[in-house]
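**Student:** Below are the sequence and a predicted model for it; my questions follow.
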Amino acid sequence: MLRITLAQLNPTVGDFAGNLALMRAAAETAQRDGAQLVVFPELSLTGYYPGDLLDEPAFLAASDAALAELLAASHTTPGLNWVIGAPTRRQGPGKPLSNSLLVIADGEVRLQYAKQLLPTYNIFDERRHFEPGPDNNRVLRIGAWRVGFLICEDGWNDDGRDYAVNPFQRLAEAAPDLVVSINASPSNIGKREQRHRLFATASHRHDLPLLYVNQVGGQDQLVFDGASFAVTPQDGVVFEARRFEEDVRTLAFDGARFVAADGAALPAVDPAGLPAMAFYRRQTVLGLRDYARRCGFTHAVIGCSGGIDSALTLALAAEALGADNVTAITMPSRFSSAGSVDDSVTLCRNLGVRLIEHPIRDMVDAYATGFAAAFGAPLAGLPLENLQARVRGTVLMEYSNAYGHLLLTTGNKSEISVGYCTLYGDTNGGLGLIGDLYKTEVYALSRHLNEAAGRELIPAPILDKEPSAELAPGQRDTDSLPPYPVLDALLKVLVEGPLLGQDERAAVEAEYARLTADAGGQALVARIRSLIARNEYKRRQAPPILRLRARAFGSGRQMPIAARHVF
Ligand SMILES: Nc1ncnc2c1ncn2[C@@H]1O[C@H](COP(=O)(O)OP(=O)(O)OC[C@H]2O[C@@H]([n+]3cccc(C(=O)O)c3)[C@H](O)[C@@H]2O)[C@@H](O)[C@H]1O
Ligand SMILES: Nc1ncnc2c1ncn2[C@@H]1O[C@H](COP(=O)(O)OP(=O)(O)OP(=O)(O)O)[C@@H](O)[C@H]1O
Ligand SMILES: NC(=O)CC[C@H](N)C(=O)O
C-alpha cells in the first residue's frame, strides 16, 4: 500500500512563515498516519498567485530561504516525501523563473519538475512571470510504486483534442502507477464538475489513477474551493476532500483502488455537488472572510437602502464576519420612501446587525446651494441624483476611516455591466460581494438564505418591492433599463459568451434568440452592447468583486476603455 496525505491548505500569498507552519503541521499528520507521501498545492510555499511579487528580489530571496527551511524541516519526517510547489530560478533566455514541483525527502530534492502549460487567459497570467518547463522526466519511484507528477494546467490539454503540448499524454507514455497533480484551481460555478469530467475522462483514457490536490481559501477576487479528489479509471471520482475548508487527509492506494487510511471504504462522492445558490453562498462567505482576515479587518460597514442588493450584502457579511461585526447605515434623503428606513430596521433586526441612521437631506441641500451660488444654475436632474449617492458614499468612507471598518460595495453584475451606478458614490468600497451575481440571481440567493435559515432574514417587502435607486421622485430601475429577467438573459450572452456554464448555456441561448428575434430586440441588444462598452471606465475604477462565475469583471475581462467598437 502507498499511503498518501492530501494537504489541502489555505496558504497566504507571501506569508512564508505561516505557510511553512501549515506545511509542517500537515507533514506531522502524514508521519503519524504512516504516509510515504504528503502532497501540497501548486505554489504552496508562496501561495497562489503572487503576481508581480515574483519580480521582486526580496520576495524571491524570502522564497529561497523558505525552501531551504523546508528542506531542513524534512529531516524531521524521515522517509516522508513532501510534494511541494514553489518558484525556482532558471538560466537561459526567457523568464528567470519556473513554476515548479519539488519532491523533497530527508533534506534532499529528489525530483524537480517545471510546469509546462502556463495558463495565460481569463484570470491567469503565468507567462508574465514563468518560462514553460521542458518535457522532462517527472516520474519518481516511491517504495514499490512509480509516481508521475503534473502541475494544474498541465492536465487540462488532455480533453481528447490534438495539442502540440499535452503533458498528461506524455506522462501516460511513461506508464506510472499513479499520477499526482498539484493545483491552484480557482472556483466558479460549475468548475468542480468540469474538473471531475476532465480528469475522470483522462484517467479512463490512459488507464491511470490520479490524485488531485487543490488549494483552498480566498485570494483577492478569487476563491479556491479545495475539493481535492481521487479518480480511478474504472470508477471515476472516488473521493472528495472538504469544500471551502482546509482538509488534511490520508488515503491508501493499492495499485488500483483508494481506501481510507484505516483501510475502510471511502464514502461515495455526490456528482451533483452544491446547488447553485448554496455554492454562491459558500464561495462568497469564504471569499469575504479570507479577504478581511488577510487585510486586517474584523468589521464591515454597508449602506442599507432597504433594497435587495444591500440586504443580501448585509446578510452575507453577517454570516462571514459575525453579525456583531457588521454595521449598517441608513441615510434617508428627500426622495427616500418610508420603506427604506422601516425595511432596513426589520432587516437589521432579523440579522442581528446594528443599524445607524444618518440622514443626508441637509448635506445634499448644502451642496445644492453651494453649486447654485458658485455656478449660477440650480443643481437638478442626474447631477442631483448622483450627488445623493456621492454624499452617501462619502459618509460611508468617513465611517470606514473613523472606525476601521471595511466598506462593502453593493453593486450587482447587471448594473455593473451597464454602468447603472454612480462613480465615487455607491461604487465606493473596498470589496464587492455580489458584483458577479446578476440581479435575478440576487433575488434567488436572498430567497435561498431565507429558506436555509428557516425564517425570514431578508424581509418579504424587500424581496417584493420594485427595484429603485430612489434618487428621484417615483424612480424605478425599469425607467432606464429593461426588466431584469430580460436584461440578465442578454447580459449572460454578451458578457460571458463562450464561457457560459454548460448547465445554463442551452436555456440562456434559447432565451437570447427569442428576445432578439425582432427589430425591437435587436435594437435593445445594440443599446445594451453600447452601454457595456461605454461603461468600461467605471468598472476599471470599481473595487474588486468576488469571482463566482467563469467570466467575472476584473482581471477576467480585460477591455480597453478608449476604443471604437464594432458591433
Ligand atoms: N470614458 C470615460 N473615462 C473617464 N471618465 C468618464 C468617461 N466617461 C464619463 N466619465 C465620467 O463619468 C461621469 C459620469 O458617471 P457618473 O458620475 O457615475 O454618472 P452617470 O453614469 O451619468 O449616472 C449614474 C447612473 O447610475 C444610476 N444609478 C446611480 C446610483 C445608484 C443606482 C442604482 O440603482 O444602483 C443607479 C443613475 O440613475 C444614473 O443612470 C462623467 O461626468 C465623467 O466625469
Ligand atoms: N437610503 C439609503 N441609505 C443608505 N444607503 C443607501 C441608501 N440608498 C442607497 N444606498 C446605498 O447605495 C447602494 C445603491 O443603492 P440604490 O438604492 O441606488 O440601488 P440598488 O442597486 O437597487 O441597491 P439596493 O437594492 O441595495 O437598493 C445601496 O445598495 C446602498 O448601499
Ligand atoms: N493554476 C492553474 O494552472 C489553473 C488552471 C486550470 N485550468 C484551472 O483553473 O484549474
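**Tutor:** Received it, and whenever you're ready, just let me know what you need. Numbering: from 1, shown residues only. Ligands and ions are numbered 1, 2, ... in the order given.
**Student:** rest of the way, CA atoms for contacts and neighbours
**Tutor:** Noted.
**Student:** Could you pull up the residues touching V179?
**Tutor:** By CA atoms under 8 Å, 6 or more residues apart in numbering, V179 lies in contact with V147, G148, F149, L150, L208, P209, L210, L211.
**Student:** try 10 Å
**Tutor:** Applying CA atoms under 10 Å, 6 or more residues apart in numbering to V179 gives the contacts 139, 146-150, 168, 171-172, 203, 208-212, 230-231.
**Student:** So which of those residues sit within helices?
**Tutor:** F168, L171, A172, S203 (DSSP state H).
**Student:** Could you take the residues you listed and lay them out as TSV, with extra columns for neighbour count, distance to ligand 3 and pLDDT?
**Tutor:** Listed next are the ones in helices among the contacts of V179 as TSV, based on neighbours: other CA atoms under 10 Å; distance: CA to the nearest ligand atom, whole Å; pLDDT from 0 to 100:
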residue	neighbour count	distance to ligand 3	pLDDT
F168	24	13	96
L171	22	17	96
A172	19	19	96
S203	24	16	97
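**Student:** farthest pair in those?
**Tutor:** Comparing all pairs in the ones in helices among the contacts of V179 by CA to CA, the longest separation belongs to L171 and S203, at 11.7 Å.
**Student:** Show the pLDDT at the most far-flung residue of the chain relative to its centre.
**Tutor:** Ranked by distance from the centre of the chain (CA atoms, centre = their mean), the top residue is G376, with 48.4 Å. On pLDDT, G376 comes in at 97.
**Student:** for L222, same thing?
**Tutor:** If you check L222, the pLDDT there is 98.
**Student:** Tell me the bridge partners for it.
**Tutor:** Counting by DSSP bridges, L222 forms beta bridges with Q219.
**Student:** thought it was touching L546?
**Tutor:** Yes. Under the criterion of CA atoms under 10 Å, L222 makes contact with L546 at 6.3 Å.
**Student:** Look up the residues that both of these two are in contact with.
**Tutor:** Common neighbours of L222 and L546 (criterion: CA under 10 Å, 6+ apart): Q283, T284, G287, Y291.
**Student:** Surely the third one forms part of a strand?
**Tutor:** It stands for G287. No. With DSSP: H, G, I helix; E, B strand; the rest coil as the criterion, G287 is helix rather than part of a strand.
**Student:** low pLDDT regions in the stretch 251-400 of the chain?
**Tutor:** Residues of the stretch 251-400 of the chain meeting the criterion pLDDT under 70: none.
**Student:** Recalculate using a threshold of 90.
**Tutor:** The model of the stretch 251-400 of the chain has pLDDT under 90 over residues 334-339.
**Student:** Can you name the residues of it sitting close to ligand 1?
**Tutor:** N386, A389 (CA under 6 Å from any ligand atom).
**Student:** Strands of the stretch 251-400 of the chain, residue ranges please.
**Tutor:** Assigned by DSSP state E, counting those that start in this stretch, the strands in the stretch 251-400 of the chain fall at 258-260, 300-303, 326-330, 354-357.
**Student:** Of the contacts of V179, grab the buried ones for ChimeraX.
**Tutor:** Per 16 or more other CA atoms under 10 Å, the buried members of these correspond to this ChimeraX selection:
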select :139,147,148,149,150,168,171,172,203,208,209,210,211,212,230,231
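**Student:** Please list all residues in contact with the residue farthest from the centre of the chain.
**Tutor:** G370.
**Student:** Could you check how far it is from ligand 1?
**Tutor:** Shown here: G376 relative to ligand 1, a distance of 19 Å by CA to the nearest ligand atom, to the nearest Å.
**Student:** Can you read off the backbone torsions of that residue?
**Tutor:** phi 70, psi 20 (degrees, to the nearest 10).
**Student:** will you turn the shared contacts of L222 and L546 into CSV that also has neighbour count?
**Tutor:** Output for those, formatted as CSV (neighbours: other CA atoms under 10 Å):
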residue, neighbour count
Q283, 27
T284, 26
G287, 27
Y291, 21
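**Student:** Let's see which of the contacts of V179 end up in strands.
**Tutor:** The strands, defined by DSSP state E, take in V139, R146, V147, G148, F149, L150, L210, L211, Y212, A230, V231 from the contacts of V179.
**Student:** between these, which is nearest ligand 1?
**Tutor:** Ranked by distance to ligand 1 (CA to the nearest ligand atom), the ones in strands among the contacts of V179 are led by Y212 at 41.7 Å.
**Student:** just checking, the closest one touches S203?
**Tutor:** No. Y212 lies out of contact with S203 (CA under 10 Å); the separation is 11.5 Å.
**Student:** Mutual contacts of these two, please.
**Tutor:** Counting by CA under 10 Å, 6+ apart, the common neighbours of Y212 and S203 are V179, V231.
**Student:** still on that earlier bit, can you tell me which of the strands of the stretch 251-400 of the chain is most buried?
**Tutor:** Greatest average neighbour count among these goes to strand 300-303 (a mean of 26), per mean count of other CA atoms under 10 Å.
**Student:** So is it next to ligand 2?
**Tutor:** Yes. Against ligand 2, strand 300-303 shows contacts by CA under 6 Å from any ligand atom at I302, G303.
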